[in-house]
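# What would the 3D arrangement of this be:
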Amino acid sequence: MVQLVFSQLWEKREHIRISGSERSYLFTSIRNMAISQWRK
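A predicted model of the protein is given here:
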C-alpha cells in the first residue's frame, strides 16, 4: 500500500497541493487506503 500511495502521488504530483506537513499527508493517505482495502 505504501508503494501504491507513492506511485499515485508521483502520477498526480502536478495537481496536488499539500498545505500541511508532508509526513501527515502521507500518513493520512496510507491510512485511508488501508481502511478502503479493509472495507472491500
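# Work out for me the element the residue most central in space within the chain sits within.
Nearest to the geometric centre of the chain sits Ser29, at 3.1 Å (Cα atoms, centre = their mean). Here Ser29 sits within helix 22-39, counting by DSSP states H and E.
# hmm, back to that, confirm for me that the residue nearest to the centre of the chain is in contact with Leu9.
Yes - Ser29 lies in contact with Leu9 (Cβ atoms under 8 Å); the separation is 7.4 Å. For every residue, glycine as well, the C-beta is placed using N, CA and C.
# From Arg31, how far off is Ser24?
As for Ser24, its distance to Arg31 is 10 Å (criterion: Cβ to Cβ, to the nearest Å).
# make that Tyr25, sorry
11 Å.
# What of Ser19?
As for Ser19, its distance to Arg31 is 18 Å (criterion: Cβ to Cβ).
# more crowded one of these two?
Between Ser19 and Arg31, Arg31 has the larger neighbour count (other Cβ atoms under 10 Å), namely 12 against 5.
# residue contacts, that one?
With contact set as Cβ atoms under 8 Å, 6 or more residues apart in numbering, Arg31 has no partners.
# Could you do Met33 as well?
1, 4-5.
# By neighbours, which of the residues you listed wins?
Highest neighbour count within the contacts of Met33: Val5, with 19 neighbours (other Cβ under 10 Å).
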